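coords below, sequence missing:
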(Lines give C-alpha, C1' and ligand atoms only; values in the text may rest on other atoms or scores of the structure.)
Protein backbone atom coordinates (compact mmCIF):
# COMPACT_ATOMS: atom_id res chain seq x y z
CA UNK A 1 0.00 0.00 0.00
CA UNK A 2 1.44 3.41 -0.98
CA UNK A 3 2.56 5.63 1.86
CA UNK A 4 3.20 8.73 -0.25
CA UNK A 5 1.45 11.96 0.68
CA UNK A 6 -0.09 12.27 -2.80
CA UNK A 7 -1.85 8.96 -2.34
CA UNK A 8 -2.23 6.09 -4.78
CA UNK A 9 0.42 4.58 -6.99
CA UNK A 10 -1.44 6.06 -9.97
CA UNK A 11 -0.96 9.52 -8.45
CA UNK A 12 2.75 8.76 -8.00
CA UNK A 13 2.99 7.81 -11.69
CA UNK A 14 1.12 10.93 -12.79
CA UNK A 15 3.36 13.05 -10.56
CA UNK A 16 6.56 11.56 -12.03
CA UNK A 17 5.26 11.75 -15.61
CA UNK A 18 4.22 15.38 -15.12
CA UNK A 19 7.69 16.37 -13.86
CA UNK A 20 9.53 14.42 -16.56
CA UNK A 21 7.27 15.72 -19.34
CA UNK A 22 7.69 19.35 -18.26
CA UNK A 23 11.46 19.09 -17.83
CA UNK A 24 11.44 17.59 -21.32
CA UNK A 25 14.89 16.04 -21.68
CA UNK A 26 16.21 12.54 -20.88
CA UNK A 27 17.40 11.95 -17.31
CA UNK A 28 18.97 9.03 -15.47
CA UNK A 29 17.15 7.18 -12.68
CA UNK A 30 19.09 8.96 -9.89
CA UNK A 31 18.26 12.42 -11.28
CA UNK A 32 14.58 11.51 -11.69
CA UNK A 33 14.57 10.20 -8.12
CA UNK A 34 16.22 13.41 -6.89
CA UNK A 35 13.70 15.70 -8.59
CA UNK A 36 10.79 13.60 -7.30
CA UNK A 37 12.18 13.72 -3.75
CA UNK A 38 12.56 17.52 -3.64
CA UNK A 39 9.30 17.66 -1.68
CA UNK A 40 7.90 15.10 0.70
CA UNK A 41 4.99 14.10 -1.55
CA UNK A 42 6.39 10.75 -2.75
CA UNK A 43 8.18 8.04 -0.77
CA UNK A 44 11.17 6.33 -2.38
CA UNK A 45 9.67 2.82 -2.41
CA UNK A 46 6.51 4.10 -4.11
CA UNK A 47 8.64 5.92 -6.67
CA UNK A 48 10.88 2.90 -7.39
CA UNK A 49 7.91 0.54 -7.81
CA UNK A 50 6.04 3.02 -9.99
CA UNK A 51 9.10 3.72 -12.11
CA UNK A 52 9.53 0.08 -13.08
CA UNK A 53 5.81 -0.26 -13.76
CA UNK A 54 5.91 2.84 -16.00
CA UNK A 55 8.71 1.23 -18.00
CA UNK A 56 6.70 -1.98 -18.39
CA UNK A 57 3.58 0.01 -19.37
CA UNK A 58 5.51 2.02 -22.01
CA UNK A 59 4.84 5.30 -20.21
CA UNK A 60 8.58 5.96 -20.08
CA UNK A 61 11.35 4.53 -22.23
CA UNK A 62 15.13 4.29 -22.24
CA UNK A 63 16.45 7.13 -24.38
CA UNK A 64 20.25 6.87 -24.55
CA UNK A 65 22.94 6.83 -21.85
CA UNK A 66 24.70 9.51 -19.83
CA UNK A 67 28.47 10.09 -19.61
CA UNK A 68 28.73 7.30 -16.98
CA UNK A 69 26.90 4.78 -19.16
CA UNK A 70 23.71 4.93 -17.08
CA UNK A 71 20.43 4.70 -19.03
CA UNK A 72 18.51 7.92 -19.64
CA UNK A 73 14.71 7.92 -19.61
CA UNK A 74 12.06 10.00 -21.36
CA UNK A 75 8.27 10.11 -21.32
CA UNK A 76 6.61 8.40 -24.27
CA UNK A 77 3.68 9.86 -26.19
CA UNK A 78 1.43 7.48 -24.24
CA UNK A 79 2.99 8.72 -20.97
CA UNK A 80 2.39 12.35 -21.97
CA UNK A 81 -1.27 11.62 -22.65
CA UNK A 82 -1.64 9.84 -19.30
CA UNK A 83 0.06 12.72 -17.44
CA UNK A 84 -2.14 15.34 -19.11
CA UNK A 85 -5.48 13.56 -18.96
CA UNK A 86 -5.18 12.28 -15.40
CA UNK A 87 -3.45 15.33 -13.98
CA UNK A 88 -6.60 16.44 -12.15
CA UNK A 89 -6.10 13.66 -9.57
CA UNK A 90 -3.39 15.78 -7.93
CA UNK A 91 -3.87 19.37 -6.77
CA UNK A 92 -2.39 21.70 -9.40
CA UNK A 93 -0.51 23.73 -6.78
CA UNK A 94 1.36 20.58 -5.69
CA UNK A 95 2.37 19.86 -9.27
CA UNK A 96 3.44 23.46 -9.92
CA UNK A 97 5.38 23.75 -6.67
CA UNK A 98 7.10 20.41 -7.34
CA UNK A 99 8.03 21.40 -10.88
CA UNK A 100 9.52 24.68 -9.61
CA UNK A 101 11.60 22.78 -7.05
CA UNK A 102 12.69 20.22 -9.66
CA UNK A 103 13.80 22.90 -12.11
CA UNK A 104 15.68 24.76 -9.36
CA UNK A 105 17.33 21.49 -8.31
CA UNK A 106 18.47 20.83 -11.90
CA UNK A 107 19.77 24.40 -12.24
CA UNK A 108 21.56 24.17 -8.89
CA UNK A 109 23.01 20.80 -9.87
CA UNK A 110 24.33 22.22 -13.15
CA UNK A 111 25.94 25.09 -11.22
CA UNK A 112 27.10 22.68 -8.48
CA UNK A 113 25.04 24.43 -5.80
CA UNK A 114 24.13 22.46 -2.69
CA UNK A 115 21.79 23.34 0.16
CA UNK A 116 21.79 22.11 3.71
CA UNK A 117 19.76 22.92 6.81
CA UNK A 118 20.27 21.40 10.24
CA UNK A 119 19.10 22.10 13.73
CA UNK A 120 20.23 21.18 17.20
CA UNK A 121 18.04 20.96 20.30
CA UNK A 122 19.86 22.73 23.13
CA UNK A 123 19.70 22.11 26.89
CA UNK A 124 17.80 25.39 27.44
CA UNK A 125 14.98 23.94 25.26
CA UNK A 126 15.75 26.28 22.34
CA UNK A 127 17.05 25.23 18.93
CA UNK A 128 20.01 26.39 16.86
CA UNK A 129 19.10 26.30 13.16
CA UNK A 130 21.89 26.57 10.59
CA UNK A 131 21.53 26.66 6.83
CA UNK A 132 24.10 26.85 4.05
CA UNK A 133 24.32 27.47 0.36
CA UNK A 134 27.50 26.20 -1.31
CA UNK A 135 28.46 26.78 -4.93
CA UNK A 136 31.21 24.59 -6.38
CA UNK A 137 32.26 23.67 -2.85
CA UNK A 138 32.56 27.29 -1.69
CA UNK A 139 30.25 28.44 1.08
CA UNK A 140 28.33 31.43 -0.29
CA UNK A 141 25.90 31.71 2.61
CA UNK A 142 25.84 30.32 6.14
CA UNK A 143 23.31 31.56 8.64
CA UNK A 144 22.62 30.37 12.18
CA UNK A 145 19.73 31.48 14.31
CA UNK A 146 18.41 30.42 17.70
CA UNK A 147 14.65 29.79 17.86
CA UNK A 148 12.20 28.79 20.54
CA UNK A 149 10.56 25.68 19.06
CA UNK A 150 10.89 22.73 16.73
CA UNK A 151 7.91 24.17 14.86
CA UNK A 152 9.96 27.27 13.94
CA UNK A 153 12.87 25.01 12.92
CA UNK A 154 10.57 23.19 10.51
CA UNK A 155 9.21 26.49 9.15
CA UNK A 156 12.71 27.80 8.50
CA UNK A 157 13.78 24.53 6.88
CA UNK A 158 10.67 24.40 4.68
CA UNK A 159 11.02 28.03 3.59
CA UNK A 160 14.73 27.61 2.93
CA UNK A 161 14.19 24.44 0.86
CA UNK A 162 11.32 25.99 -1.10
CA UNK A 163 12.93 29.38 -1.79
CA UNK A 164 16.67 29.44 -1.05
CA UNK A 165 17.32 32.08 -3.69
CA UNK A 166 14.71 34.38 -2.13
CA UNK A 167 16.20 33.90 1.33
CA UNK A 168 19.67 34.63 -0.07
CA UNK A 169 18.49 37.82 -1.79
CA UNK A 170 16.56 38.89 1.33
CA UNK A 171 19.54 38.40 3.63
CA UNK A 172 21.81 40.27 1.20
CA UNK A 173 19.29 43.12 0.97
CA UNK A 174 19.07 43.36 4.76
CA UNK A 175 22.83 43.31 5.22
CA UNK A 176 23.35 45.90 2.46
CA UNK A 177 20.63 48.18 3.86
CA UNK A 178 18.39 47.95 0.79
CA UNK A 179 15.14 47.35 2.67
CA UNK A 180 14.25 50.64 4.36
CA UNK A 181 10.61 49.61 4.56
CA UNK A 182 11.55 47.19 7.37
CA UNK A 183 13.06 49.88 9.55
CA UNK A 184 11.20 52.52 11.55
CA UNK A 185 12.39 55.84 10.12
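Received, thanks. Worth saying up front: this structure is predicted, and the values here are computed from it rather than measured.

after the top helix by length along the chain, next one along is what?
Scanning the chain for the longest helix, with DSSP state H as the assignment, gives helix 92-110. Counting by DSSP states H and E, the element after helix 92-110 in chain order, helix or strand, is strand 113-121.

roughly how far is the longest helix of the chain from the heart of the chain?
Its chain's average C-alpha position is 6 Å from that of helix 92-110, according to CA atoms, centre = their mean, to the nearest Å.

what residues sit buried inside that helix?
94, 95, 98, 99, 101, 102, 104, 105, 106, 108 (16 or more other CB atoms under 10 Å). Every C-beta, even on glycine, is put in place using the N, C-alpha and C of the backbone.

and the closest residue to the third one other than its chain neighbours, what element?
Read it as residue 98. Nearest residue to residue 98, sequence neighbours excluded (CB to CB, 6 or more residues apart in numbering): residue 39, at 5.4 Å. Assessed by DSSP H and E, residue 39 sits outside every helix and strand.

what's near enough to touch residue 39?
Contact partners of residue 39, counting by CB atoms under 8 Å, 6 or more residues apart in numbering, are 94, 97, 98, 101.

show me what the helix or strand hosting residue 131 is packed up against.
Counting by DSSP H and E, the element that carries residue 131 is strand 127-135. Packing partners of strand 127-135 (3 or more CB pairs under 8 Å, 6 or more residues apart in numbering; DSSP states H and E): strand 113-121, strand 138-147, helix 150-162, helix 164-175.

need the ones you listed in a markdown table (columns: mean neighbour count and distance to residue 33).
Formatted as a markdown table, those follow (neighbours: other CB atoms under 10 Å; distance: least, CB to CB, whole Å):
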| stretch | mean neighbour count | distance to residue 33 |
| --- | --- | --- |
| strand 113-121 | 14 | 17 |
| strand 138-147 | 12 | 26 |
| helix 150-162 | 15 | 17 |
| helix 164-175 | 13 | 20 |
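
turn these into a markdown table, including mean pLDDT.
Below are the helices and strands packed on strand 127-135 laid out as a markdown table (pLDDT from 0 to 100):
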| stretch | mean pLDDT |
| --- | --- |
| strand 113-121 | 88 |
| strand 138-147 | 91 |
| helix 150-162 | 89 |
| helix 164-175 | 79 |
